[in-house]
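Trainee: Sequence and computational prediction follow.
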Amino acid sequence: MDDNSAIDALLAGAVIEQTPLPPIEERRRLREELNLSRAQVAAALGVSASTVGGWETGREPGGDVRKKYAYFLEGAVLKLAAAKATTDPASADVVPVDEPTEADQAVVLDDVDELPAPQPCVLCGRPARQQVEGFPQHLDPADCVAAPPAPAPAPAAASAVEAGLARPAPAAAPAAPERAARPARAVPSQRPAQAARPGRGSRQGGRGGGRGVKVTPVGRRVQAAAEMPDPIRSAVDGALAEHGGDVAAATAALVKRAIPDAMALLDHTRKGGRYDIVAHPWLPDILRKGSSRGADQIWEARPKWTRPELPAGAHEVTALDINGAYLSALKTHLPLGQLEHSTGNHHDKRRSGLHLITPPVWEHDAVLPNPVGQRDEPGPLWVTEPTLRLLQRVAGPRYGLCEMPEIHESWTSGSTEGLLDKFRIALREARDRAISEDDAVTLEYVKAMYSKFVSTLGESNYNRELYRTDWMHLIRSQAFANLWSKAYRAYDEGLMVVRAMGTDELHIVGDWRSVFPEGRHVTEVKVKDVYTVGTDTDDPQQAESGPDGPS
């Protein structure tokens, strides 16, 4: 008898049919008709908001989470059908129901989550069991009463001050005595006295009120930024506690989880944002790889340039390292929705994407790198928005270094430059704080977050929540364009540019400190290497020597 165990195992593991789901366009409609946000659905299913967005734009869930999502959608259909059944078709009047309270409206309008333990309400300071968009609040106005006139400081805040994580609040300055009134001079056509402006030495703030307090909007009020939750600091503190203070082990664990943590931070910073990110849009063929190890058709303009010749004599060259190149490049024009095709030599600056252009002739390779990078093949090529905009600036009246590029066709969508701004600022502030506190764990963690975020935006197995290959190319190209701008700035200030490589390496001859501030922060540069090129022709021994030795 033949051994059929392998066939039996194959049949046993075969899946006949997955749990059916409604069409893609129905999934978002059902959620929106129930007035539910993606974050609310994501919290119930145990996934991120961007994952739910992917399911609503073309991505299919699998496994157990597919069953949960199908159960939610089926329940949504039943709930909406029951709501429609309460309407009398004859009179078109709705069956009387209780009017929604303000708390109900808050649940509809905001992202509401249950807290595991009560926390102080951001509006009144009393314990609340729910949080709205990440901030503890009372949903029922009756529960949100005024705070006591002089509340005692919370123990947690006191411990934070003792540990040095928060600064103690400065004591209130005594009121200044009233100045003696001086008789006004009789001046013809005297102007009436203007009211004091806030922030200009008045008692409402500014120079006369001590050091300012940075605030951020929370609902209808504002809250001190120092009191806001810090996911990066919490993750670092948790990793150090988990590994018993072992810096190397905590750093390795944080770097390993950098991608999901970056996506969670992105979702956190996108709460209340004006735009919904399309996590898995349809992509044109120019963004698809020809093979598993091949590349798509997009040219990122990566610089790999070396000055072909230096003047005679010895030159001290300083290799500068540009700090946080990819972090700074997160501020770039990113398309919001699915890319749309257009033709013609026209550029709409309200949109962003990819463009097929014929680049202009570059005649300055002896002193400056080509903004398009080093490309051997002539003819049209697909470039990104940052490369196109850089070429247009370089061709403009301020630079006048080349002709305008010719645009043949484009894939673009409506864009914004600030889409990742809160995400970038959160990472930058954590990086700056880590440098000032000599915190190597946080520094390596933050570096891994933004570098891996950029590198896995394409169809990566390490980041399945956000497939935006166009964003990956755009951010990389923005980093290259930023490096070119620094090279031009050095050239324009009279320095000699010797080399430009990748995103963060610039070799300079001359007093570079008069042009670039030195340091480790994002707006500064640091020295990577110093070396000498050429020989001093004023050396008598060298002058008497020929190419084969002394003459």
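Mentor: Now that the structure is in, tell me what you want to look at.
Trainee: Whatever helix or strand D261 lives in: which residues count as buried?
Mentor: According to DSSP states H and E, D261 maps onto helix 258-270. Within helix 258-270, the residues that count as buried by 16 or more other Cβ atoms under 10 Å are A258, I259, D261, A262, M263, A264, L265, L266, D267, H268, T269, R270. No exception for glycine: its C-beta is placed from N, CA and C like everyone else's.
Trainee: quick one: that helix to chain centroid distance?
Mentor: Centroid separation between helix 258-270 and its chain, computed with Cα atoms, centre = their mean, to the nearest Å, is 9 Å.
Trainee: Please apply the same query to stretch 79-86.
Mentor: Its chain's C-alpha centre and that of stretch 79-86 lie 41 Å apart, by Cα atoms, centre = their mean.
Trainee: what does stretch 490-510 give?
Mentor: 28 Å.
Trainee: Please give me every residue in contact with R375.
Mentor: The contact partners of R375, taken as Cβ atoms under 8 Å, 6 or more residues apart in numbering, are W299, P359, L381.
Trainee: Tell me what the residue lying closest to the last one once chain neighbours are set aside is bridged to.
Mentor: In this structure, L381 finds its nearest non-sequential neighbour in W299, 4.7 Å apart by Cβ to Cβ, 6 or more residues apart in numbering. Using DSSP bridges, the beta-bridge partners of W299 come out as V383.
Trainee: I figured W299 was touching P380, is that so?
Mentor: No - using Cβ atoms under 8 Å, W299 is not in contact with P380, being 10.2 Å away.
Trainee: Compare those two and say which one has the larger neighbour count.
Mentor: Between W299 and P380, W299 has the larger neighbour count (other Cβ atoms under 10 Å), namely 21 against 15.
Trainee: Check the gap between the more buried one and R59 for me.
Mentor: Between W299 and R59 the computed distance is 28 Å (Cβ to Cβ, to the nearest Å).
Trainee: Over to Y326?
Mentor: Y326 is 26 Å from R59, by Cβ to Cβ.
Trainee: who has more neighbours, these two?
Mentor: Under the neighbour definition other Cβ under 10 Å, Y326 and R59 were set side by side, and Y326 has more, 21 against 17.
Trainee: Kindly confirm my reading that H280 is in a strand.
Mentor: No - with DSSP: H, G, I helix; E, B strand; the rest coil as the criterion, H280 is coil rather than part of a strand.
Trainee: Count residues in the vicinity of it, would you?
Mentor: When neighbours are counted by other Cβ under 10 Å, H280 registers 20.
Trainee: mean confidence for the strand ranked longest in the chain?
Mentor: Longest strand of the chain, by residue count under DSSP state E: strand 406-416. Mean per-residue pLDDT for strand 406-416: 95.
Trainee: Go through that strand and flag the buried ones.
Mentor: Neighbour counts over strand 406-416 (16+ other Cβ under 10 Å) mark I407, E409, S410, W411, T412, S413, S415, T416 as buried.
Trainee: what angle separates the helix or strand following that strand from helix 258-270?
Mentor: Scanning forward in sequence from strand 406-416 by DSSP H and E, the next helix or strand is helix 421-436. Computed by axes from the mean of the first three to the mean of the last three Cα atoms, to 10 degrees, the angle separating helix 421-436 from helix 258-270 equals 120 degrees.
Trainee: contacts for helix 421-436?
Mentor: 230, 232-233, 265-266, 269-270, 273, 324, 327-328, 330-331, 439-443, 446-447, 449-450, 520-522.
Trainee: out of those residues, which are buried?
Mentor: By neighbour count, with 16+ other Cβ under 10 Å, those hold 230, 232, 265-266, 269-270, 324, 327-328, 330-331, 439, 441-443, 446-447, 449-450, 520, 522 as buried.
Trainee: Next step: those residues restricted to helices.
Mentor: Counting by DSSP state H, the buried ones among the contacts of helix 421-436 place 232, 265-266, 269-270, 327-328, 441-443, 446-447, 449-450 in helices.
Trainee: Number of residues surrounding A83?
Mentor: A83 has 13 neighbours, counted by other Cβ under 10 Å.
Trainee: now it: how far from E33?
Mentor: Note on A83: its distance to E33, by Cβ to Cβ, is 9 Å.
Trainee: Show the average pLDDT along stretch 80-94.
Mentor: Taken as a whole, stretch 80-94 has an average pLDDT of 61.
Trainee: what's the burial count for the closest residue to T469 other than its chain neighbours?
Mentor: What sits nearest to T469 in space, not counting adjacent residues and going by Cβ to Cβ, 6+ apart, is G458, at 4.2 Å. Neighbour count of G458, defined by other Cβ under 10 Å: 19.
Trainee: does G458 sit in a helix or strand, and which one?
Mentor: Taking DSSP H and E as the definition, one finds G458 inside no helix or strand.
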